[in-house]
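A.B. asks: Got a predicted structure plus its sequence, pasted below:
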Number of protein chains: 2
Amino acid sequence: MLSAILEKKERLVIGLMSGTSADGIDAALVRLTGQGLSTRIQLLAFDVLCLSPAVRERLLAAMGPAGRGNRDLCLLSSYLGELFAHACGHIAQKAGVPLAEVDLVGLHGQTLYHHPAPEAFPGFTVTGTLQVGSAAVVAERTGLTVVSDFRSRDMAVGGQGAPLAPYLDFLLYHHRARGRIVLNIGGIANATSMLADSSLEAVRAFDTGPGNCLMDAAVTHYTGGKQTCDTDGRIALSGKIHRGLLEALLRHPYFPLPPPKSADRTTFGADYLRAALAVAPGISPQDVVATLTALTAQSIGTAVLEHCLQRGRYEEMILSGGGAKNPVLVQGIRQALPKLFITDADEYDIPGKAKEAVLMAFLAHETILGRAGNVPAATGAKRPVVLGSVTPGSPKGLSGE
Amino acid sequence: MLSAILEKKERLVIGLMSGTSADGIDAALVRLTGQGLSTRIQLLAFDVLCLSPAVRERLLAAMGPAGRGNRDLCLLSSYLGELFAHACGHIAQKAGVPLAEVDLVGLHGQTLYHHPAPEAFPGFTVTGTLQVGSAAVVAERTGLTVVSDFRSRDMAVGGQGAPLAPYLDFLLYHHRARGRIVLNIGGIANATSMLADSSLEAVRAFDTGPGNCLMDAAVTHYTGGKQTCDTDGRIALSGKIHRGLLEALLRHPYFPLPPPKSADRTTFGADYLRAALAVAPGISPQDVVATLTALTAQSIGTAVLEHCLQRGRYEEMILSGGGAKNPVLVQGIRQALPKLFITDADEYDIPGKAKEAVLMAFLAHETILGRAGNVPAATGAKRPVVLGSVTPGSPKGLSGE
């Protein structure tokens, strides 16, 4: 089966991603030609399949160091597999491509926990990461070959397993004459910086800290789940920044860490927020959201300033992810970084919202070609490695069964 | 890399297994030629790498529906990956084969939880299974391509994900003129029955119930961990069977279930034992072990009688697994099944203790060849499927890094 895929000149690949906010499955169908930095990517379809509030709640409860146990994990992983498989059918239909003509699926899965800090065990020091969404179920339901578990191999060579975006960022945005920073604002915000005319090996990338996760958590809390994000920054606009709270929040130990560094939803969890809120008793929900928006903008600004602008010449910052659509947050970032020309990824070939799903398709494609997909300068890995595991599809004749 | 493996006429494959008792890693190195039921298997080396009591305790604590949470799961999986990788190096050295000449690793991993019973989720009914022991770590440390997660795909087509042994059992023991039953007594006992001159599709296989798990648990408990099994059945020999306790134990709801059925360590856990012991207050440890040994023998006997002997003509039963070395247990089985000629797998080409590790090597080999590895008649799956996920090794030049 694999050899049939490898003989093709161009390949149709589905990329699937569910981010730390667990609000939906991003699905992209792309046509890929070439390989490595010569890959040409044509986006045929993109969509977000929303997860129901009940499923989202169940996923959020299963996250973090404790989680909900083995039973919940097993069943949730198979269930998410069904939803990811459904997303494959949906995106192929949207693109007008029969599913059987798709060559490959890149399945990130849903991260439930990520532990990049080395931990001593007898004889070995280990790290670990946990993504759910059964590749076996996706391969079986779709008949397609699936590449999954992209982060573990990078961690096996000492990397943080994140960020994985820099390879694609470099392919899409590296510029001969302009230093560029790509900032993706999902639940967590991550930055990829590329000096003009530099090499992939010189890319610098790291998570700056919270993206939408804190703002989303506060809005969900205060609206009793009726809203899950601050659409257009309207709530933040109606509130005032509370200086004491902002300062307390900025004391999080993640912020002063040098890159490479990576964070997840649990890095900036409920305990952190609760402790900081103690300095501002009786603060209004609007002021909390305004302050969290300011914190997010300021932590992004400070990180980009210290780890990028003070180390080289950059002209442009390209924003993507849900946070790029929050005008209050974007305005805060502009104020923190007045020297950068700030643009939106939607002005480029691949819309910002589709980037993570396209990344999974691209990385799966590299894996099948036997090519490394991590960027050691970004993850801290000792060397480039081929990422993921390959779950075979069904023989083509059977896939419609 | 895969194409280099496929071009070979014979392949060296390592199989790795850690059973439900979590007392050691079984490692086998085999030379395989041919494919499917024409495969020829030559065992070059076999060994058991004992797990330290601390690691074993940690694994046992991580098993069952609750487990120990996401953090423990992630780290334990990476740590076991290191131990499995170490086992690869050890078994290659024992066979006198450079690790770089090995073509493939079949990694079962350590089962922490197995949930074959369908559970309703919104829109889908799901099952699930959880094996740990990171394939990425094994592939990275050894440089070898690894096939892992063998059970999920069978479950994705409605199978129980177990037993997987029947395919190899059929290859090794199917006989033109004799009906044979293969009984492996690990933590759980499983039976594979093959009528004379029958096909693979007609194999019947299922878990009979407890193998060594109950006897081991009792011995471990009463000796405070100084002994973990009843060597040569000495404790059982010094005790008497308590009829009331035996009857209470036989009331477990697993026993009357029709095959296909599968059990795991948690099916026969501490709660079950504790509840049954209530009928025998003040019973001596020796009598408990004698009774558990009788229960194990009797549940095996009844299951084989009802599900095999009453349905066809069988002449021989071949025993393997740790329990085959417990003379009291074997005597109990002989008494329960007086018409069968009972032999030990060690009298055949592959010693009984090596069978599960050899099975993993054989199944990985079938996967790489694009061949199905499950036996639907045994697992209840809707059809044969290619099992597992393939994690690429390192390019050969780099594997010694």
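C.D. replies: On my side now, so go ahead. Numbers count the residues shown, from 1 in each chain, chains lettered A, B, ... in the order given.
A.B. asks: Nearest residue to the residue of the stretch 301-401 of chain A found nearest chain B in space, please, no chain neighbours.
C.D. replies: Nearest to chain B in the stretch 301-401 of chain A, going by C-beta to the nearest C-beta, is A:S389, at a distance of 4.0 Å. C-betas here are computed from N, CA, C, even on glycine. Counting by C-beta to C-beta, 6 or more residues apart in numbering or on different chains, the nearest residue to A:S389 once its immediate chain neighbours are dropped is B:S389, at 4.0 Å.
A.B. asks: Bridged to the one you found, which residues?
C.D. replies: Taking DSSP bridges, one obtains B:S148 as the residues bridged to B:S389.
A.B. asks: quick one: contacts for it?
C.D. replies: Contact analysis of B:S389 by C-beta atoms under 8 Å, 6 or more residues apart in numbering or on different chains lists A:135-136, A:148-149, A:389-391, B:135, B:147-149.
A.B. asks: try 7 Å this time
C.D. replies: With contact taken as C-beta atoms under 7 Å, 6 or more residues apart in numbering or on different chains, B:S389 is in contact with A:135, A:389-391, B:148-149.
A.B. asks: Give the PyMOL command for selecting the buried subset of the residues you listed.
C.D. replies: Selecting in PyMOL just the buried members of the contacts of B:S389, where the criterion is 16 or more other C-beta atoms under 10 Å in any protein chain shown, is done with this command:
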select buried, (chain A and resi 135+389+390+391) or (chain B and resi 148+149)
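A.B. asks: Which residue ranges of chain A form helices?
C.D. replies: Using DSSP state H, the helices assigned to chain A run over residues A:2-6, A:53-62, A:69-95, A:135-142, A:151-156, A:166-173, A:213-222, A:234-237, A:243-249, A:270-277, A:285-307, A:327-336, A:355-368, A:376-379.
A.B. asks: Among the ones you listed, show me which one is buried the most.
C.D. replies: Mean neighbour counts were taken over the helices of chain A using mean count of other C-beta atoms under 10 Å in any protein chain shown, and the top value, a mean of 29, falls to helix A:151-156.
A.B. asks: where's the residue lying closest to A:D216 once chain neighbours are set aside relative to B:A297, distance?
C.D. replies: The shortest distance from A:D216 to any residue other than its chain neighbours is 5.0 Å, reached at A:C229 (C-beta to C-beta, 6+ apart). The span separating A:C229 from B:A297 equals 62 Å under the rule C-beta to C-beta, to the nearest Å.
A.B. asks: and the longest strand along chain A, average pLDDT?
C.D. replies: As far as residue count goes, and with DSSP state E defining each element, the longest strand of chain A is strand A:104-121. Here strand A:104-121 scores 96 as its mean pLDDT.
A.B. asks: by how many degrees do that strand and helix A:355-368 diverge?
C.D. replies: An angle of 90 degrees separates the directions of strand A:104-121 and helix A:355-368 when computed by axes from the mean of the first three to the mean of the last three C-alpha atoms, to 10 degrees.
A.B. asks: ok, strand A:104-121 near chain B or not?
C.D. replies: Yes - contact of strand A:104-121 with chain B (C-beta under 7 Å from any C-beta of the partner chain) involves A:112-113, A:115, A:119, A:121.
A.B. asks: cool, stretch A:372-387 as well?
C.D. replies: Yes - Stretch A:372-387 lies within reach of chain B by C-beta under 7 Å from any C-beta, at A:385-386.
A.B. asks: Figure out how far that stretch is from the centre of its chain.
C.D. replies: Using C-alpha atoms, centre = their mean, to the nearest Å, the mean C-alpha position of stretch A:372-387 is found 17 Å from that of the whole chain.
A.B. asks: now do stretch A:377-389
C.D. replies: 16 Å.
A.B. asks: my read: the residue nearest to A:D216 touches A:N212, true?
C.D. replies: Yes - A:C229 sits in contact with A:N212 when judged by C-beta atoms under 7 Å, with a separation of 6.4 Å.
A.B. asks: Now do the shared contacts for those two.
C.D. replies: A:G322.
A.B. asks: out of these two, which sits in the more crowded spot?
C.D. replies: With neighbours defined as other C-beta atoms under 10 Å in any protein chain shown, A:C229 and A:N212 compare such that A:N212 has more, 29 against 20.
A.B. asks: separation between the more buried one and B:T192?
C.D. replies: Distance of A:N212 to B:T192, given as C-beta to C-beta: 54 Å.
A.B. asks: can you give me how far stretch A:270-279 is from the chain middle?
C.D. replies: Between the centre of stretch A:270-279 and the centre of its chain there are 25 Å (C-alpha atoms, centre = their mean).
A.B. asks: for chain A, which spans come out with low pLDDT?
C.D. replies: When the per-residue scores of chain A are filtered using pLDDT under 70, the ranges that remain are A:1, A:396-401.
A.B. asks: can I see the domain layout of it?
C.D. replies: Partitioning chain A according to automatic domain parsing yields domains covering residues A:2-161+A:357-399, A:166-348.
A.B. asks: what does the stretch 1-150 of chain A have sitting close to chain B?
C.D. replies: For the stretch 1-150 of chain A, the residues in contact with chain B under the definition C-beta under 7 Å from any C-beta are A:1-3, A:52, A:54, A:64-67, A:69-71, A:73-75, A:77-79, A:82, A:112-113, A:115, A:119, A:121-122, A:124, A:126-130, A:134-137, A:140, A:149.
A.B. asks: what's the answer for the stretch 301-401 of chain A, then?
C.D. replies: So the stretch 301-401 of chain A meets chain B at A:370, A:385-386, A:389-392 (C-beta under 7 Å from any C-beta).
A.B. asks: give me that answer again for 8 Å
C.D. replies: Counting by C-beta under 8 Å from any C-beta of the partner chain, the residues of the stretch 301-401 of chain A close to chain B are A:367, A:370, A:383, A:385-386, A:388-392, A:394-395, A:401.
A.B. asks: Dump these into a markdown table; add distance to B:A276 as well.
C.D. replies: Converted to a markdown table, those look like this (distance: C-beta to C-beta, whole Å):
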| residue | distance to B:A276 |
| --- | --- |
| A:T367 | 51 |
| A:G370 | 55 |
| A:R383 | 56 |
| A:V385 | 51 |
| A:V386 | 51 |
| A:G388 | 46 |
| A:S389 | 42 |
| A:V390 | 46 |
| A:T391 | 42 |
| A:P392 | 45 |
| A:S394 | 45 |
| A:P395 | 49 |
| A:E401 | 45 |
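A.B. asks: B:L329 is nearest to which of the helices of chain A?
C.D. replies: Evaluated over these, closeness to B:L329 peaks at helix A:69-95, with 29.8 Å, by C-beta to C-beta.
A.B. asks: just checking, A:A136 touches B:F150?
C.D. replies: No - between A:A136 and B:F150 there is no contact, the gap being 9.7 Å when judged by C-beta atoms under 8 Å.
A.B. asks: Please name the bridge partners of A:T33.
C.D. replies: Applying DSSP bridges, one finds that A:T33 bridges with A:E10, A:R40.
A.B. asks: what's near enough to touch it?
C.D. replies: A:9-11, A:39-40.
A.B. asks: So it versus chain B, what's the distance?
C.D. replies: Taking C-beta to the nearest C-beta, to the nearest Å as the measure, A:T33 and chain B are separated by 21 Å.
A.B. asks: Please name the nearest non-neighbouring residue to A:L305.
C.D. replies: Closest residue to A:L305 in three dimensions, ignoring its sequence neighbours and counting by C-beta to C-beta, 6+ apart: A:L337, at 6.8 Å.
A.B. asks: what does A:L51 give?
C.D. replies: In space, not counting the residues next to it along the chain, A:L51 is nearest to A:G24; the distance is 5.6 Å by C-beta to C-beta, 6+ apart.
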